[in-house]
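A.B. asks: The following block contains a protein sequence and its predicted model.
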Amino acid sequence: MLAKRILPCLDVKAGRVVKGINFVDLKDAGDPVELAKAYNEAGADELVFLDITATHEDRDVIYDVVYRTAEQVFIPLTVGGGISSLETIKKLLRAGADKISINSAAVRDPDLIDRASDRFGAQCIVVAIDARRRPTSATTPDQHSQKNTEKSTGASDLTGELAGWDVFVRGGRENTGLDAVEWACEVVRRGAGELLITSMDADGTQAGYDLTLTEAIASRVDVPVIASGGAGTCEHIYQALTTGKAEAALLASLLHYGQLSVSEIKDYLHSHDIRVRQ
Amino acid sequence: MTTIAVIDYDMGNLHSACKGLQFAGATTLVTDSVQQLEHADGVVLPGVGAFDPAMQHLRSRNLIEPIRRIARSGKPFLGICLGLQVLFEGSDEGTEEGLGIFSGTIRRFSPEPGLTIPHMGWNQLTLTQPDCPIFKGISPAAWVYFVHSFYAAPTDASINAATVTHGSQTVTAAVAQDNLMAMQFHPEKSSSAGLQILSNFVSTVRQGQPVAA
């Protein structure tokens, strides 16, 4: 039986890891290769690099980062962030990435998923979906979009009456009006091999995943779902992998700031009868 | 110096496999030259993708007969992922004839409720030839990384060196016979267990030992 997976996600900007990371004993905590090595040694099952480089000129740096990481880190590596062409996907896979994650470009050009999957295989095409709760009270898409662009501050309320989830793109700034569950089914039909589902309501709150969201999607598709957004404790991760039916949990600040370690999480999961690689 | 030739036939990225072998102390040579394959101390056939294109690429590079000859020459030979599958006679995935170095065919996982295909992720080996030199230092239930929808069904199950269970299906994870070793999983993506296996392969090449038990 496959193990449930723990995936650290590193935000990389112009070749450097951003969002402070508190790993001790690192020569250079901003070097993605150093951090990838540290997470591999800590027992991470896969790594995700999210390239948040804003300028076109700096974009090529990611190929070198991926190449250098694959030289030294022998676990699967997924790269996402601004990927919109087969050419970019090919270059990243050549550089040593194992999977590519596409998000906004898949919404803009859904056929990209079909083309990428046909060309490189479903196993290396991850589609990332940023989803936000749509309350039952009818709001027009415009009002809704505006309301939802307000930055979430405290703990989110995941208990209200729910009509579904909207898919957001452009880093959460734009409501596409797509229904997240329907969109998830469509991208799988088109050839996505894995889904990375981020709850924008839960993200950053550390109050727990939006379990209803991951469960709603995981029970409709036959590819693995990676849960993202909201983890604050080992129990939250356990819930995502059981109630939420996710196969993997994506973690960022919780790990980067040392609140929890990969081994603490895995020990907890193991002691609660979840199969993990130890 | 131990030189391992990695066969280049345009089926997937060779960077990780080469780096893994280099990490294990080998010098790697990515090549499709028969002469270089014959001169190398050991040969690795990697591969990611589909069965028919793999055979077609091997044929267009005139590598089919040379690989058969080298595999039967006693030179240590390691197939990885699709590089395991093409060693068999054929595949449910396509219509091309395989290299036929091992007898048996490649089958697709049968659908089961709740079973994901491809079988992708970390799973545990069951070592059926635990004394294989290539498994030296490997835990009997080691975790390794798989990505595949098809698996080998050898005619002679005794060549299985390790199996893996996905859903209710227990299938070949590795085969070993004399100088030949092939694995369905990716040692170059299997962290320390994978590097240990690659390192064991390099050691057997260096010492001129058989790969199998």
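C.D. replies: Okay, I see it.
A.B. asks: alpha carbons only for contacts and neighbour counts from here, please
C.D. replies: Will do.
A.B. asks: for chain B, what are the nearby residues on the stretch 151-278 of chain A?
C.D. replies: The stretch 151-278 of chain A has residues A:222-224, A:277 near chain B, with proximity defined as C-alpha under 8 Å from any C-alpha of the partner chain.
A.B. asks: Is there proximity between the longest strand anywhere in chain A and chain B?
C.D. replies: When chain A is parsed with DSSP state E, its longest strand is strand A:125-135. No: residues of strand A:125-135 contacting chain B under C-alpha under 8 Å from any C-alpha: none, with a closest distance of 12.4 Å.
A.B. asks: Stretch B:43-55 and chain A, any residue contact?
C.D. replies: Yes: between stretch B:43-55 and chain A, judged by C-alpha under 8 Å from any C-alpha, the touching residues are B:G49.
A.B. asks: Report the rounded mean pLDDT for that stretch.
C.D. replies: On average, the pLDDT along stretch B:43-55 is 92.
A.B. asks: Just the terminal-to-terminal distance for it.
C.D. replies: Counting by C-alpha to C-alpha, to the nearest Å, the length from the leading to the trailing residue of stretch B:43-55 is 17 Å.
A.B. asks: do stretch A:71-80 as well
C.D. replies: Across stretch A:71-80, the terminal residues are separated by 19 Å (C-alpha to C-alpha).
A.B. asks: ok, and for it, which residues are buried?
C.D. replies: Taking 16 or more other C-alpha atoms under 10 Å in any protein chain shown as the basis for neighbour counts, the residues of stretch A:71-80 that come out buried are A:71-80.
A.B. asks: want to try TSV for those residues, with secondary structure and pLDDT as columns?
C.D. replies: Formatted as TSV, the buried residues of stretch A:71-80 follow (DSSP: H, G, I helix; E, B strand; the rest coil; pLDDT from 0 to 100):
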residue	secondary structure	pLDDT
A:E71	helix	90
A:Q72	helix	90
A:V73	coil	93
A:F74	coil	94
A:I75	coil	96
A:P76	coil	96
A:L77	strand	96
A:T78	strand	97
A:V79	strand	96
A:G80	strand	94
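A.B. asks: near chain B, which of these show up?
C.D. replies: Counting by C-alpha under 8 Å from any C-alpha, A:71-76 from those sit close to chain B.
A.B. asks: Quick check: what element follows the helix or strand of chain A with the lowest mean pLDDT along the chain?
C.D. replies: With mean pLDDT, DSSP states H and E as the measure, the helix or strand of chain A carrying the lowest mean pLDDT is helix A:141-148 (a mean of 47). Helices and strands here follow DSSP states H and E; after helix A:141-148, the next one along the chain is strand A:162-169.
A.B. asks: For residue 91, which non-adjacent residue is spatially closest?
C.D. replies: Answering for chain A, as no chain was given. Leaving out its chain neighbours, the residue that sits closest to A:K91 by C-alpha to C-alpha, 6 or more residues apart in numbering or on different chains is A:Y63, at 7.3 Å.
A.B. asks: My question was about chain B, not that one.
C.D. replies: In space, B:S91 is closest to B:I106, 4.3 Å off (C-alpha to C-alpha, 6+ apart).
A.B. asks: is it true that that neighbour lies in a strand?
C.D. replies: Yes: with the criterion set as DSSP: H, G, I helix; E, B strand; the rest coil, the secondary structure at B:I106 is a strand.
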